[in-house]
Every structure is written in structure tokens, then in C-alpha cells.
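Chemist: fold the following, please.
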Amino acid sequence: MQEAVQRAEVDTVDVVLFTCAGKTFVAGADISEFDKPPMMPILPDVLAQIEGCSKITLACLHGTALGGGLELALACDYRIAVPTAKLGLPEVTLGLIPGAGGTQRLPRLIAADEAIKMAALGEFRSAAQAKEIGLIDQIAEGDLFSSAIEFAGGLLAQGKRQRHEDVAPLSDQQIADWKRLLEKKFRGQRSPLVALDCIVAATHSTLQDGLAYERAAFQECKASPESAALRHKFFAEKQSPKLANVSDDVQPLAIQHVGVIGGGTMGAGISVCLLQAGYPVTMVERNTEALETGLDRVNQTLTRQFESQRLSETAYQDAMSRLKGTLSYDDLADTDLVIEAVFESLDVKEDVFRKLDAACKPGTILATNTSYLDINIIAGYTQRPEQVIGLHFFSPAHIMKLLEVIQGDQTTEVVLKTVMELAKKIRKIPVLSGVCYGFIGNRMLRQYFRETQLCLLEGASPQQIDQAMKNFGMAMGPLAVSDLAGLDISYNARRNLSPELRGKPETYAIADALVEAGRIGQKCSLGYYDYRDDKRPKPDADVQAIIEKMSAKFGVTRRVLSDEEIVSRLTLTLINEGFKILEEGIAQRASDIDVVYVNGYGFPAFRGGPMFLAEQMGFETVLNKINEYRRTLDPDNWQPSALLESRASAS
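Modeler: You can find the predicted model right below:
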């Protein structure tokens, strides 16, 4: 590119057009090169050359102009884009900031508030929005190159654009308001605040000084643990759909029509996902009232998306036209995939799968949305166990990105490949799991909650535990999560477990006592917290009395636990169980476990996930800590994974 700009300088051309072949303009830097020595010339130097070119420069944008791509466009005098183009500076999602002038040239072109939205919040802009705020100069009509040539002709009279050296300053109040918003939205992350700081610097610096300030800040962010973790997350999510032991020659089946059994919250959410992806959906319910309620749930969700302008009227009407409700399994005869989303009971699922097996054509894939149940048992209810698979959606299903794909002992590679392709089309991040109680996420969650209960017995309060984990970066504390989900759910589930799976009574005695006292969580305004009055969680002396009673019952001498110990114990129990899952072959790779926990369970993205955290801590340090915690109330639960011991020895 530098050579091309140098040739243009001595050529007879008046306007230099910057275009890209293929489906997109420059879509950003190659993130995989961030940890390698920089290749010369570096982007800031190239852009400085473009900006200093004596000829008029015009960026022609199509597809996406993101990160360094948009920074390239900003270095040009003018910008033209096709109507479908998307522009953005998403570096903050990787713990970075724009490093080649994004925070300096952008506020010199558009309002500082708009620059903050793009560079610190990471918001994208469509071509129409970009034109409205002054980010681009023209929207191409018809062919981009032809439109650009025509537009370039008009630029000759205007000449090179004069750069705005001065940027309207932000008031102290505006800066404080933006800082407060960023701290709330990106809790625990530093890069959005650094991006804000750089934009503020642009308001009182020359462009050259601002570029130097931004570059130093970019380098600091790139070297941070936050960025390392977020880049790990990025690559882990790219890797998780890949099936390690399935040949690329295996071709997925075509899915044209999908059935959904159940119109409850989960079934309706799954239906919305499928409808938004363009699939015809047939919903089956047990009676007319339940069916009407289920269809109405779908309609209400799509209506809210239309009203909030996330869905056009045409798209809303199209989605609803593809939704059909029925009480008869016979109406699923021609479906290619059926997803069951009924009550979490083997008896109920047996009835459903026997009916599906009889009603559906031989090639139909039968999927169960289960959180814990054995896929192999469910597959045994059919004459087609090789076509049965688990699809564990997370609630709300139309919002949460994670999808655990559970492979039964007889599930074929074709079925696996098919559902992985489906996941991509419905915009989910799929992770393959083997069969075990709770699969990857809920199996780890059980250990997390068990250790939470032990911390309560030993001396911590619910609010201390929750606040410690929130300070660590979790979206919610474990006890607030229990109240939200309903303590009765896990209480009833425990009743159906074997003593071995249920574990030591100490690990659930407090939770059981709360349920038996009528405290089942937010739905009755009493759980670990009191939600009466203003619905905000408040500490409750009755809960503390129950905790202390259970401590006495099990002969536990209560003591003061530090926040550091609480965080350490709860995160290490996740890490240890993650290694056991990996050791048993339940997960394909360690990074898949991180994908599950970050996207499904609120683990802070800027820490990368439990397995990445273990690597950052050092395996030997992790193992030593786990062995230290074996002195607590549940030593068997702290038996370290053999795989972890092996990794620690190797390190």
C-alpha cells in the first residue's frame, strides 16, 4: 500500500481510491499476530503516509470496515459506502483500544459523544447512520466503483479536506457520566475507560500528540491480562464449533422444517431462534390452552423486538407466517428436526420420544433440551438412537448465545455436523459435550454451589459471598442466582438423585432448610435474601439463624472467611472439576469449558474462563491451593484431577 501511495504522488491522477476485492473492506487486524513481533511497516506509519498524501484520497467501503479498516478510511479525505456497509471500532471487546488513530481522527470528524459510542462502547454504525453523523460523505447508488468514480469527479472542485485540529471539549460532568456508564457496562474491564481517556485527550491535544498518546495506551492494553483473556475467549469461540474427531468429508443434512415440543418459556424461546433464522416451526402442545399460550409467548417476544426496532415489520410478519401450532404429533411427519423442551423428567420425556419416534419420518433428528438427564436413556426410548442428540439451550433461549450439544453413545457424525451447522444459522456458540450428569456447565455449577454452602457453614454470610464473587467479576453472586432460579428447583432435583450424586448433607443442608421454611427465592419474595417492599435483596436475620443452626448441627466452628478465600475456593472448585471433565473426555478441549462458563454462567470474560485462569495462575499453584483446601469440610470433593496433577508436574 505504501508503494501505491508513493506512485500516486508522482502520477498524474488527482484522486486516489482505496478499494478492497472480495466481500468486504478491511475487517480489522489479524488478532493472531498480536503476540508476535510487529511486521514493518506498522499501520500507524502507513496511515500517516495516506493522510499526508498530496492527492485527494477516497475510501470505498463495502461489507465491514472495522478496527484498522475503519482507521484506514479515517486517514483518507473522504469516504463512500454501499448501503449495506457496517462500520465500527470493536477493539474494546478484545481488551484493546484503537491503536492507529481511531480515538484521535474519529472525534475530529464526528461529535465526541458519537466517537465515544463507537470507540469506548464498541457500537457499530450502518451506512445510513454513518452518513447522518458525518462519518461517511456519500452512500453509493448501484455499483460502488462506478459511484466512487462519479463522486471523485465532484471532489476535484473541493480539493483535499482540511483536517479539524480542534475538537469540542467535553465538560467534567459529561466525562463523569460516560465513565459511570462504561464502568457499569464493562464492570471490571479497563480498556473502555482507556478509550474514553484517549478521546478526552483528543479534545486538548494536537493530532500528533494525540496519536502518540493513543499508541502508548494501545501498547499497554495489548500487554494486559485483560486483553490476553478476551483474545483467548475470541479464539475459543471460533474453535468450539469444530468437531475434533469428525472428518471434513462428513456432510450435514439439510434442515428445512423444525418441530418444537412445548410452548413454555424455553420452547417459545427456541421457536423464536428458529423463526429468526428463517425456519418454518411447528409447535406441539398438550392442550388448546397451553398451545395458545405458547404461540402468544412467541408473538410477544417478536413484537417486542419489532417495537424496539431490532426487527423490521416485514421480518416480523414473515417470522409469524412460518409459525404453526398443533396438538397432534402427526403434524411433525415431514420435519427434519424436532427439539423437545418439556418438563425435566424422564417419564415425561419417554412419552414424548416414543410419540416422536412413531410420528416422524425415518431421517428426522430428535433432540432433547435437557440440563441434566442422560441422553443415552432418552435415545433408548426410540428405534433411532443414532439420530438422538441433546441440545441444551440456556434461558432466555432467544438471547443467550451458548448451546451445549450433547453427543450420545450412538449419535452419528452426520447428526453432530448437522446440529453444528444449525447452531451457526441460529447464531449460537455451540460446544460439544459427552454424557454425564449436568454435562459441562451444570456439572461444574454443582461443585460451585456445594462449596458456596460450605463457606456459609464455616462463617461467611450470603451477602459476603455474593459481593466477593461480583467483585471478582461474576455477573451475579451464587446465592442471588439461586434466589432468581428458585431454591425449590434444585431441592426437588436433589430428591431424585442417588446418595452418591447428592453428596454430603453439609453441602445442601442450608438450602434444604430454607425451602422447608417456605423460602424458595424471588418468586415468593423470600430466599437467601428478603425481597419484600422494594424487591431489592436485603439481608435477613432469619436466614442467618438457619445458617448458624446448621453449623451447630454439623459441629462446624464458625470463623471469619476473607473475600480472597471465598473467591479462591469457588473458582478453584470450578477449575478442578473442569480438569476432571477434560480428563474424562466429556469436553473436546479446555477452551470449550471456558466458552461454556463465560457465555452460560456469567464468568467474567475479561478473566478468560476457569481453564484460562488456571493457566495464568500456573498449574502448580492451582494444585497446591486445591490440596490446601482438602482440609475443609468436604475433602473428597477436593480430590485433584489426575490431569491437573500431570500438568503441574510438567510445569
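Chemist: do you know how far the residue lying closest to Ala359 once chain neighbours are set aside is from Ala358?
Modeler: Leaving out its chain neighbours, the residue that sits closest to Ala359 by Cβ to Cβ, 6 or more residues apart in numbering is Tyr329, at 4.0 Å. Backbone N, C-alpha and C define where each C-beta goes, glycine included. For Tyr329, the distance to Ala358 equals 8 Å [Cβ to Cβ, to the nearest Å].
Chemist: who has more neighbours, those two?
Modeler: Tyr329 (19 against 11; other Cβ atoms under 10 Å).
Chemist: what sits against that one?
Modeler: 284, 355-356, 358-359 (Cβ atoms under 8 Å, 6 or more residues apart in numbering).
Chemist: please apply the same query to Gly102.
Modeler: Counted by Cβ under 8 Å, 6+ apart, Gly102 has contacts 67, 70-71, 74, 89, 91, 119, 214.
Chemist: look at Thr557 and say how many residues are nearby.
Modeler: 8.
Chemist: do the same with Glu313
Modeler: 8.
Chemist: if you rank the contacts of Gly102 by neighbours, which is first?
Modeler: Going by other Cβ under 10 Å, Leu70 tops the contacts of Gly102 with 35 neighbours.
Chemist: once you drop chain neighbours, what's closest to that residue?
Modeler: Leu87 (5.4 Å).
Chemist: could you point out which element follows the host helix or strand of that neighbour?
Modeler: Using DSSP states H and E, Leu87 falls within strand 86-88. Downstream of strand 86-88, the next assigned helix or strand under DSSP H and E is helix 102-105.
Chemist: of the contacts of Gly102, closest to Gly434?
Modeler: Checking the contacts of Gly102 against Gly434 by Cβ to Cβ gives Glu91 as the nearest, at 36.4 Å.
Chemist: the closest one is in contact with Gly69, isn't it?
Modeler: No. In this structure, Glu91 is not within contact of Gly69 by Cβ atoms under 8 Å, at 11.7 Å.
Chemist: show me what the lowest-mean-pLDDT helix or strand in the chain is in contact with.
Modeler: Every helix and strand in the chain was compared by mean pLDDT, DSSP states H and E; the lowest is helix 2-10, with a mean of 78. For helix 2-10, contacts defined as Cβ under 8 Å, 6+ apart pick out 16, 41, 46, 49-50, 53-55.
Chemist: now do 10 Å
Modeler: Residues from elsewhere that reach helix 2-10, judged by Cβ atoms under 10 Å, 6 or more residues apart in numbering: 11, 13-18, 41, 45-46, 49-50, 52-55, 57.
Chemist: from those residues, which would you call buried?
Modeler: Among the contacts of helix 2-10, those buried by neighbour count (16 or more other Cβ atoms under 10 Å) are 15-18, 46, 49-50, 53, 57.
Chemist: now render these as CSV, adding secondary structure and pLDDT.
Modeler: Output for the buried ones among the contacts of helix 2-10, formatted as CSV (DSSP: H, G, I helix; E, B strand; the rest coil; pLDDT from 0 to 100):
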residue, secondary structure, pLDDT
Val15, strand, 90
Val16, strand, 90
Leu17, strand, 92
Phe18, strand, 92
Val46, helix, 89
Gln49, helix, 90
Ile50, helix, 90
Cys53, coil, 87
Thr57, strand, 92
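Chemist: wait, what's in contact with Thr370?
Modeler: 340-342, 344-346, 349, 378, 390-392, 404, 406, 439, 442 are the contacts of Thr370 under Cβ under 10 Å, 6+ apart.
Chemist: and the least confident helix or strand of the chain, C-alpha only, in CSV?
Modeler: C-alpha atoms of helix 2-10 as CSV (Å, rounded to 0.1, in the frame of the first residue of the first chain):
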residue,chain,number,x,y,z
GLN,A,2,2.9,2.4,0.8
GLU,A,3,4.3,1.8,-2.7
ALA,A,4,0.9,2.5,-4.3
VAL,A,5,0.6,5.8,-2.4
GLN,A,6,4.2,6.7,-3.4
ARG,A,7,3.4,6.0,-7.1
ALA,A,8,0.2,8.1,-6.8
GLU,A,9,2.2,11.0,-5.5
VAL,A,10,4.2,11.3,-8.8
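Chemist: so how far is it off the chain centroid?
Modeler: Remark: helix 2-10 is offset 43 Å from the chain centroid, using Cα atoms, centre = their mean, to the nearest Å.
Chemist: list the buried residues in it.
Modeler: Those would be 5, 8, for helix 2-10 by 16+ other Cβ under 10 Å.
Chemist: go on, stretch 37-46?
Modeler: In stretch 37-46, counting by 16+ other Cβ under 10 Å, buried: 43-44, 46.
Chemist: endpoint to endpoint, that stretch covers what distance?
Modeler: 17 Å (Cα to Cα, to the nearest Å).
Chemist: now do Asn637, the pLDDT please.
Modeler: Listed pLDDT for Asn637 reads 80.
Chemist: ok so, going back, in strands, which of the contacts of Thr370 appear?
Modeler: 340, 390-392, 404, 406 (DSSP state E).
Chemist: helices of the stretch 451-600 of the chain, start to end?
Modeler: Secondary structure of the stretch 451-600 of the chain (DSSP state H, counting those that start in this stretch): helices at 462-472, 478-485, 487-495, 499-502, 509-516, 541-553, 563-583, 590-600.
Chemist: ok, back up a step: most neighbours, which of the contacts of Tyr329?
Modeler: Val284 leads the contacts of Tyr329 on contacts (other Cβ under 10 Å) with 29 neighbours.
Chemist: would you map out the domains in the protein?
Modeler: 2-223, 258-433, 441-650 (automatic domain parsing).
Chemist: can you give the distance from the first one to the centre of its chain?
Modeler: Averaging C-alpha coordinates over domain 2-223 and over its chain gives two centres that are 26 Å apart (Cα atoms, centre = their mean).
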